[in-house]
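Q: Pasting the sequence and the predicted model now:
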Amino acid sequence: MKARIWGARGSLPVSLTHRQIRAKIIAALEGARGRALDDSDRIAHYVDHELGFEISGTFGGHSSCVEVEVWDPATTSEHVILDMGSGVRPLGGAKLARYGAGKPQTYHVFMSHLHWDHIMGFPFFTPAYIPGNRIVIHGCHEQLETAFRRQQEPISFPVSFDQLGATIEFRHMTPGQPIEINGLTVTAKLQLHAGDSYGYRLEHGGKSMVYSTDSEHKLDNAAERAAFVEFFRAADLVIFDAMYSLADSISVKADWGHSSNVVGVELCQLAKARRLCLFHHEPIYDDAQIARVLAESRRYAEITGEAPLEIVSAYDGMEIAL
Amino acid sequence: MELTPQTAGNSIVLSPTGRIDHSHADAFKRALDPYLRDCSADGARLVLDFSGVGYISSIGLRALMIALKQVKPQGGRMVLAALTPMVLEVFKISRFDMLFEIFATREEALAALGAQGGPA
């Protein structure tokens, strides 16, 4: 399995401003002084290995969307998508570029919940407009279909849901009851979020990953902590809502439905998960701030003295091989 | 958890020890609770001397935040002192350093409380 991040940002898509790009260019040029970057290889090495990612790249902009590559992309026509935030627009474009409009594809979608930032990309998901494609949208919310139809009502969008050419199906899941798709097992878990959200554990070929976003953790609830540890147990990857600092998440932003890097580290270490991916970045954070949170998370994982944990921070375009 | 209270002027110094994590946070909170009631505008100020605390996890930090939420409306003052470098790092990583008054030493904490609220 491989996870590919198409939308790492929480709540609202963001883009770099010209001031931020200018600051990155100036920082890169300042750092290049005295380095004799007089050929392309040296320049590429400097950019890729010596500049920090917060300068050479960006964590990005699109709202929640993760692709899980389960089957061999050279032979399969089936794809797995977690949430349809704005990141699903470039995902759809990439699939059309690879497979062409004339070769029908099937997309298995799993929805954490139905808030706007997690469904907003669907009207721009080009495969939905192409007859022959099949989109199977799984979720635990009763209003699953309503949410998708409603955002394409005339007051919000010029193309109605019924005009979409693809075959679109909605499948209701029950938390704790796994479903299987061509050897892929998917299990949902209820999470604390306004209107409820659901995490998903995906298992295939001896590998496992958990997608757990928009999920608040009440620290005094030992039973829930144990349940999440079990859900994360020995996962090769946990994609985790680390939107706020711990202080914010349990004080001024308590009950806002999100978690922190600190709790992500603790749960993953208790579960002996292999890798934690910080996800659903706070939209007011710039790249430097997200890089700082990543560095602090890695340090916290050392301080706890618990099991070793690899930590990365999601960015649009990131690929994580399990 | 034994907090070995020591009176110093208008303040009480409490000295928790060990790890304040999922296993010990409840004991820490239970030990701290009796002192919170009296930490008011007219009562004793609290200094938590953390020099003996080797690690604090999220649930330990939550216990501290709940204590602070109780004390503040009473007009009380509760401060932290002598955090080990590693525990201070946890406060910074979690941004709890922005919620609490933290002093480098017990003496500095007592001086600050005395200076602002009578003899220490």
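A: Ah, there it is. Residues are numbered from 1 along each chain as shown, chains lettered A, B, ... in the order given.
Q: Every contact and neighbour count from this point should use C-alpha atoms.
A: OK.
Q: and the stretch 201-322 of chain A, which residues reach chain B?
A: Contact residues (CA under 8 Å from any CA of the partner chain) of the stretch 201-322 of chain A with chain B: A:219-220, A:245-248, A:250, A:262-263, A:293, A:296-297, A:300, A:303-304.
Q: quick one: which of those is nearest to B:Met78?
A: Relative to B:Met78, the closest of these is A:Ala247; by CA to CA it sits at 17.1 Å.
Q: how deep is the residue in chain A that chain B sits nearest to tucked in, by neighbour count?
A: In chain A, the residue found nearest to chain B is A:Leu246; the distance is 5.0 Å by CA to the nearest CA. A count of neighbours around A:Leu246, defined by other CA atoms under 10 Å in any protein chain shown, yields 24.
Q: how about it, what does it touch?
A: A:Ser259, A:Ser260, A:Asn261, A:Val262, A:Val263, B:Ser58, B:Ser94, B:Arg95, B:Phe96 (CA atoms under 8 Å, 6 or more residues apart in numbering or on different chains).
Q: Now the element after the least confident helix or strand in chain A by mean pLDDT, going C-ward?
A: One helix or strand of chain A scores below all others by mean pLDDT, DSSP states H and E: helix A:246-249, with a mean of 94. Where DSSP states H and E defines the elements, the next helix or strand beyond helix A:246-249 is helix A:261-271.
Q: ok, residues contacting that following helix?
A: Helix A:261-271 has contacts (CA under 8 Å, 6+ apart) with A:217, A:225, A:228-230, A:232-235, A:238, A:240-246, A:274-276, A:278, A:293, A:297, A:300-301, A:306-309, B:58, B:93-94.
Q: Could you export the least confident helix or strand of chain A as CSV, keeping only the C-alpha atoms?
A: Provided in CSV are the C-alpha atoms of helix A:246-249 (Å, rounded to 0.1, in the frame of the first residue of the first chain):
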residue,chain,number,x,y,z
LEU,A,246,-2.2,20.6,23.1
ALA,A,247,-2.8,23.8,25.1
ASP,A,248,-5.3,25.2,22.5
SER,A,249,-7.1,21.8,22.0
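Q: which residue ranges form the helices in the stretch 51-200 of chain A?
A: A:53-56, A:88-99, A:116-119, A:144-150 (DSSP state H, counting those that start in this stretch).
Q: could I get those as a markdown table with mean pLDDT, distance to chain B and mean neighbour count?
A: What follows is the helices of the stretch 51-200 of chain A, written out as a markdown table (pLDDT from 0 to 100; distance: least, CA to the nearest CA, whole Å; neighbours: other CA atoms under 10 Å in any protein chain shown):
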| stretch | mean pLDDT | distance to chain B | mean neighbour count |
| --- | --- | --- | --- |
| helix A:53-56 | 97 | 19 | 17 |
| helix A:88-99 | 98 | 32 | 17 |
| helix A:116-119 | 98 | 26 | 22 |
| helix A:144-150 | 98 | 35 | 16 |
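Q: is it possible to export the ones you listed to a markdown table including distance to A:Arg4?
A: Formatted as a markdown table, the helices of the stretch 51-200 of chain A follow (distance: least, CA to CA, whole Å):
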| stretch | distance to A:Arg4 |
| --- | --- |
| helix A:53-56 | 18 |
| helix A:88-99 | 10 |
| helix A:116-119 | 16 |
| helix A:144-150 | 23 |
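Q: so which of those helices gets nearest A:Gln289?
A: helix A:53-56 (8.6 Å).
Q: Please name the nearest non-neighbouring residue to the residue of chain B at minimum distance from chain A.
A: Closest approach of chain B to chain A (CA to the nearest CA) occurs at B:Ser94, with a separation of 5.0 Å. Nearest residue to B:Ser94 in three dimensions, chain neighbours excluded: A:Leu246, at 5.0 Å (CA to CA, 6 or more residues apart in numbering or on different chains).
Q: one step back: from the contacts of helix A:261-271, list just the buried residues.
A: A:217, A:225, A:228-230, A:232-235, A:238, A:240-246, A:274-276, A:278, A:293, A:297, A:300-301, A:308-309, B:58, B:93-94 (16 or more other CA atoms under 10 Å in any protein chain shown).
Q: can you tell me how far B:Leu68 sits from A:Ala97?
A: Using CA to CA, to the nearest Å, B:Leu68 is found at 57 Å from A:Ala97.
Q: Ok, A:Leu29 next?
A: Distance from A:Leu29 to A:Ala97, by CA to CA: 35 Å.
Q: For A:Arg9, state which of the residues of the stretch 201-322 of chain A next to chain B is nearest.
A: Distances from A:Arg9 to these, taken by CA to CA, are shortest for A:Val293, at 14.2 Å.
Q: Spell out which helix or strand contains the closest one, please.
A: With DSSP H and E as the criterion, A:Val293 is inside helix A:287-303.
Q: List the buried residues of that helix.
A: A:Asp287, A:Ile290, A:Ala291, A:Val293, A:Leu294, A:Glu296, A:Ser297, A:Arg298, A:Tyr300, A:Ala301, A:Ile303.
Q: ok, now which ones touch the fifth one?
A: Put plainly, it is A:Leu294. A:Leu278, A:Ile311, A:Val312, A:Ser313.
Q: Report pLDDT for the nearest residue to B:Asp38 once chain neighbours are set aside.
A: Spatial nearest neighbour of B:Asp38, chain neighbours left out: B:Ala44 (6.4 Å); criterion: CA to CA, 6+ apart. The per-residue pLDDT reported for B:Ala44 equals 92.
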